[in-house]
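Asks: here is a sequence together with a model predicted from it:
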Amino acid sequence: MQIVPKPSAHLAVAYQQASIKSNLTLVWYFSIVALIGFGVHLLHHLRLGSGAFSPDMMPYLAVYLCNVLYALVNLFLLPSARSTNHISWRTGLLELMYPAFLAFMATVLSIYTSVQGHGPVPFIMGMMVIAMLVQGHLIFLYALLFSCWLVVSAGMLQMLPMEEASSPILTCFTTMLIAFFIARLAERTRVDQFEMLQELHEKNSLLGELAVQDPLTKLNNRRYFSNKLEVETARSLRYQHPLSLLVVDVDDFKKINDNDGHLVGDEVLIEISQLIAQQLRAGDVVCRYGGDEFVILLVEACAEQSREIADRICQSVDRTKFGRASHKVTVSIGYAQYVGQPLGDFMQQADKMMYTSKKRGKNQVAFFGYGMGAESTE
Ligand SMILES: Nc1nc2c(ncn2[C@@H]2O[C@H](COP(=O)(O)OP(=O)(O)OP(=O)(O)O)[C@@H](O)[C@H]2O)c(=O)[nH]1
């Protein structure tokens, strides 16, 4: 029987991690409450004078003392267990120990108070509900609850006359059922909340991706490029790594649109974006800057390598037969090298070189390099 909804399969591990973390947080707070509770009870017992340490009170004192020791252990161990990102046997154990400990105390005190004539309800109710709420692995809890109930029943049957025992056992059973449903409700809420948060998180990351993606070519867009340009130029300066910029513009793209229609124009842009991406290495950055213009950051590529890549892009577009385009498609490319100049100048140099290519007859590359003469050498 599936008592509590499980999170969907792909979220199961994440849920377990989140669940253990929140359980450990709860255990930590319960430990503090246990310490405060112990202080209050201790004061109460001390006010009883010599009666505080009578044999009648010993089980209570023993349980309080165990609680304090356990709380102290938790207070020391939990912060480090909570800060880890993976589920270790230590975190699992800490998480399981608390309900087990509460159930143990509940059982002992239930039997003891019943025999004294107080009935088991307050302990069963308080301890079990808390234990179940704290715990995420409900199968374990159900087993625990059931065994506690068996022990309590057996203990009371042994120690009370039959007619007096049946009522507390029935109350104990009813209380467990209530605890069971409260726990089920709590766990269902936790799973729902987790799935909602996870969905929100996934949608947020999707939104983040869409914000920097060009919808047509699926390349990154201008916004992404601006950020990347700042990051890569700073890195290039810091580590003295070469960095080059290519500006690629489709030649006479307007004619493709006018002759073959915008849909064909779109197809050409998509195909060119793929051709460009095929020529680049993993660390390089290619973005659609706008319209029929693409920009490429060649990371750690020296001038010679950058020239080769630019030539390859130019030639691969030249060689490709674009499906539905009625005439030849080519690109003009401008190249600039980063040597610490202001970013605006860097962009302008590559852009200017792209226009130089156009002026020289299109379908070619023009280079701007500080070591290569003032403006263009080719
Ligand atoms: N199909 C399509 N066309 C676009 C898109 N974005 C911009 N354009 C068109 O691309 C054309 C760009 O033309 P220009 O770069 O100004 O000029 P060109 O015809 O390429 O001429 P040169 O750049 O001088 O070679 C314009 O007609 C725009 O309307 C798009 O997403 N899809």
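Replies: The structure has been received and is ready for your questions.

Asks: burial count for residue 197?
Replies: The tally of other residues near residue 197 (other CB atoms under 10 Å) stands at 12. C-beta coordinates here come from the backbone N, C-alpha and C atoms, glycine included.

Asks: helices of the stretch 101-250 of the chain, start to end?
Replies: Assigned by DSSP state H, counting those that start in this stretch, the stretch 101-250 of the chain shows helices spanning 121-134, 138-159, 162-211, 222-239.

Asks: which of these is buried the deepest?
Replies: Most buried of the helices of the stretch 101-250 of the chain, by mean neighbour count (mean count of other CB atoms under 10 Å): helix 121-134, with a mean of 21.

Asks: distance of residue 267 from residue 274?
Replies: 11 Å (CB to CB, to the nearest Å).

Asks: cool, residue 29 as well?
Replies: 55 Å.

Asks: circling back to that earlier point, neighbour-wise, which of residue 267 and residue 274 wins?
Replies: residue 267 (18 against 13).

Asks: where does that one land in three-state SS?
Replies: helix (DSSP: H, G, I helix; E, B strand; the rest coil).

Asks: do I have it right that it meets residue 324?
Replies: Yes: with contact defined as CB atoms under 8 Å, residue 267 and residue 324 form a contacting pair (6.4 Å).

Asks: for the stretch 51-200 of the chain, which residues are neighbours of the ligand?
Replies: Within the stretch 51-200 of the chain, no position is near the ligand by CB under 6 Å from any ligand atom.

Asks: isn't residue 27 up against residue 74?
Replies: Yes: at 5.8 Å, residue 27 counts as touching residue 74 under the criterion of CB under 8 Å.

Asks: these two: which is more packed in?
Replies: Remark: of residue 27 and residue 74, residue 27 carries more neighbours, 26 against 23, as counted by other CB under 10 Å.

Asks: any idea how far that one is from residue 78?
Replies: In terms of CB to CB, residue 27 sits 6 Å off from residue 78.

Asks: try residue 153
Replies: With CB to CB as the criterion, residue 153 and residue 78 are 34 Å apart.

Asks: does residue 328 belong to a helix, a strand or coil?
Replies: coil.

Asks: quick check, pLDDT for residue 41.
Replies: What the model reports as pLDDT for residue 41 is 71.

Asks: counting neighbours, what do you get for the closest residue to residue 53 other than its chain neighbours?
Replies: Distances taken as CB to CB, 6 or more residues apart in numbering place residue 61 nearest to residue 53, at 7.3 Å, with adjacent residues excluded. By the measure other CB under 10 Å, the count of residues near residue 61 is 16.

Asks: name the element residue 61 belongs to?
Replies: helix 58-83 (DSSP states H and E).

Asks: quick one, domains of this protein?
Replies: Domain assignment for the chain by automatic domain parsing gives 9-208, 222-372.

Asks: now render these as CSV, adding distance to residue 216.
Replies: Output for those, formatted as CSV (distance: least, CB to CB, whole Å):
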stretch, distance to residue 216
domain 9-208, 18
domain 222-372, 6
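
Asks: the ones you listed: lowest mean pLDDT?
Replies: For the domains of the chain, mean pLDDT drops lowest on domain 9-208, to a mean of 71.

Asks: buried residues, the helix holding residue 61. List them.
Replies: 59-61, 63-64, 67-68, 70-71, 74, 77-78, 81-82 (16 or more other CB atoms under 10 Å).
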